[in-house]
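> Generate a structure from the sequence data that follows.
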Amino acid sequence: MLDGFFERVARELCPENLFLIRIDNWFDKKWVDFAGTIALEPTFLGSIQLPVATSGARLRGRARVVPPFTPRRVVRQDHYLCDGGIARLPEKPIQVHPAERVSGDWRSARRILEVCDSGFFFWLSSDSASTGRGSLMCYHSKEKRVGAWYASFEVAKSGRWVVSRTMNIDRETIGDLIVGRPE
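Next up, the predicted model:
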């Protein structure tokens with residue numbers, strides 16, 4: 001389904017950096033802007049302490065962070081430098097996700113702009129052909145701004161892949177990006 005998509009991104013959008021991160025299995029739109037969990041203050045019922053609740057932290061814009069997928073879910077990460085519409089592997093690729101889990105909460109998360117201030121980051125699901133559904137999430141950084149969008153896909157009864165959900169991008173645009181506009 002994504003054949004040629006990333007080559008088109010490199011050729012037509014000419015980002016300085018292109019990151020492709022394959023995630024084990026499908027993921028939902030809830031990962032957009034998710035920064036981790038926050039442990040809330042303990043609650044007491046008399047002298048009995050109830051379990052500490054957690055809440056999801058969401059950061060947008062310049063504060064956007066690398067989504068906190070556990071290292072075991074990160075199947076592969078590739079970094080390309082793009083020059084004149086041609087993507088090439090750098091001598092020292094940047095690893096977006098650490099190889100081991102980093103302890104801490106959302107305040108210690110790595111900001112997208114710390115990784116790269118000009119580029120496209122794509123997280124895509126694995127095993128899409130066997131599960132019949134896939135996900136694609138994009139963060140794009142430029143001029144100290146970070147945008148984000150998400151799209152999920154599923155196999156329709158016709159056997160063709162269709163856009164099933166989007167966030168911050170409309171279905172027609174994602175269809176044009178994936179399939180390409182007719183010449």
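> which residues of the protein score low on pLDDT?
For the chain, the stretches with pLDDT under 70 are 1-3, 37-62, 102-108, 179-183.
> redo that, cut-off 80
1-4, 35-63, 100-109, 175-183 (pLDDT under 80).
> All the strands of it, residue numbers only.
Ranges of strands in the chain, per DSSP state E, are 17-23, 34-39, 44-45, 48-49, 54-58, 74-83, 86-88, 119-125, 133-142, 145-155, 161-167.
> Indicate which one of those strands is closest to residue 175.
strand 161-167 (6.1 Å; Cβ to Cβ). In short, each C-beta sits where N, CA and C put it, glycine included.
> What is the neighbour count of the nearest residue to residue 6 once chain neighbours are set aside?
Leaving aside its chain neighbours, residue 6 sits nearest to residue 20 (6.3 Å; criterion: Cβ to Cβ, 6 or more residues apart in numbering). By other Cβ atoms under 10 Å, 19 other residues sit near residue 20.
> hang on, residue 20 packs against residue 7?
No - Residue 20 is beyond contact range of residue 7, at 11.3 Å (criterion: Cβ atoms under 8 Å).
> dump the residue contacts of the residue nearest to residue 6.
Going by Cβ atoms under 8 Å, 6 or more residues apart in numbering, residue 20 touches 6, 76, 77, 78, 80, 122, 124.
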